[in-house]
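Asks: how would this look folded up:
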Amino acid sequence: MADTKISALTALASASSDDLIPIVDDPGGTPVTKKITVANLIGGKLDSSFLGIGSLTDPNADALLGWDDTDGALKNITIGSGLTYTHASHTLSASAGSGDVTAASNFGTDNVLIRSDGTGKGVQASNIVVGDDDSIDMGVNGILSGAKFQVSGGGNQVELEDSVSDLTITAVANGINLVTAGGSLGVDAVGTTNATRINSRIVPRVGTTTSSATPSINTDAVDAYSITALAAAITSFTTNLSGTPNDFDRLLIRIKDNGTARAITWGSSFEAKGVALPTTTVISKVLTVGFIYDSVTAKWGCVAVAQEA
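Replies: From the prediction side, this is the model:
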């Protein structure tokens, strides 16, 4: 074969892995012209150290090349701050980036985020936006799910789902509605006064003791109080009474002695409000007394007394 200048050779439009390239081995010592396949050249030494490529100085403004299947062309993908590329382990990771993370439009129509579990599967992300404040926007009908729950949103509703009972939270004009399989509850926004409860049951908070001369009743914690076997006279219901009641709050007190009638002294926090305050128990009979709080007098007013026959 006659000697030919490289510039005079026929141009090759594209290379395959087994094509040959002339290369000078050990040019600084004993140079020898050799051949190398495209595959060996790329797979062996075409890396950042061989090419003399250093670290990015401004990753927030720099870009990577990506292939757009839709347009059939290479396009730039802005890296953004907080991204790290490590050649040895072939990873591209993000940490503490300051920009929003979205499915890039120049990825084509798939717009997927790739899972890191080695399956090679993608997670559809065309409507997912992660904001600077760590918020996740999944779009109007996005769904966030896990092994034990699923959160889905649509319009003015959020639905929490599990294997036992679903909970739907719906925004309404004055607050929210909570709906489960067992019923629903309307909750007003702060400052409104027209909450509506549908098919819901209010379970009273109940305190109890066997016997006490000065029962400890916290009206912030209980709506009803039961003394089951009173063994001494009650010297004051006021002494250990606590709480910050609201006007028209209700309190029920139920008393039963232990087989001996016991005297009852209510103290200054209680007053008759249409019904006289009882002063003693009846042997082994249940006494029930109902009160409504009066914020004007700052006392619990007795409005009902029921003595077991």
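
Asks: can you map out the helices along the chain?
Replies: Assigned by DSSP state H, the chain shows helices spanning 38-45, 48-51.

Asks: Now the weakest link among those, please, by mean pLDDT.
Replies: Looking at the helices of the chain, the lowest mean pLDDT belongs to helix 48-51 (a mean of 55).

Asks: Specify the beta-bridge partners of the residue nearest to residue 249 when sequence neighbours are not counted.
Replies: Leaving out its chain neighbours, the residue that sits closest to residue 249 by CB to CB, 6 or more residues apart in numbering is residue 293, at 4.3 Å. No exception for glycine: its C-beta is placed from N, CA and C like everyone else's. Note on residue 293: beta-bridge partners by DSSP bridges are residue 300.

Asks: Please list all residues in contact with residue 293.
Replies: 219, 245, 246, 247, 248, 249, 250, 251, 299, 300, 301 (CB atoms under 8 Å, 6 or more residues apart in numbering).

Asks: Report the contact partners of the last one.
Replies: This means residue 301. Contacts of residue 301 (CB under 8 Å, 6+ apart): 270, 271, 272, 273, 274, 291, 292, 293, 294.

Asks: and the fourth one, what does it touch?
Replies: With CB under 8 Å, 6+ apart as the criterion, the residues that contact residue 273 are 292, 294, 301, 302, 303.

Asks: In ChimeraX, how would I pick out whichever of those residues are buried, leaving the exposed ones unselected?
Replies: Filtering those down to the buried ones (16 or more other CB atoms under 10 Å) takes a single ChimeraX command:
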select :292,294,301,302
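
Asks: Relative to residue 259, which of the contacts of residue 273 is nearest.
Replies: Lowest distance from residue 259 to those (CB to CB) belongs to residue 302, with 25.6 Å.

Asks: Any regions of the chain where pLDDT drops low?
Replies: For the chain, the stretches with pLDDT under 70 are 1, 43-65, 77-167, 169, 171-200.

Asks: How is it divided into domains?
Replies: 14-51, 63-136, 143-198, 206-307 (automatic domain parsing).

Asks: Can you get me a residue count around residue 286?
Replies: Residue 286: 15 surrounding residues under other CB atoms under 10 Å.

Asks: residue contacts, the closest residue to it other than its chain neighbours?
Replies: Taking CB to CB, 6+ apart, and ignoring the residues beside it in sequence, residue 286 has residue 308 as its nearest neighbour in space, at 4.3 Å. Contact analysis of residue 308 by CB under 8 Å, 6+ apart lists 282, 285, 286, 287.

Asks: for residue 240, what are its contacts?
Replies: Counted by CB under 8 Å, 6+ apart, residue 240 has contacts 214, 215, 216, 217.

Asks: hang on, I meant residue 267
Replies: Going by CB under 8 Å, 6+ apart, the list of residues near residue 267 reads 236, 237, 238, 239, 241.
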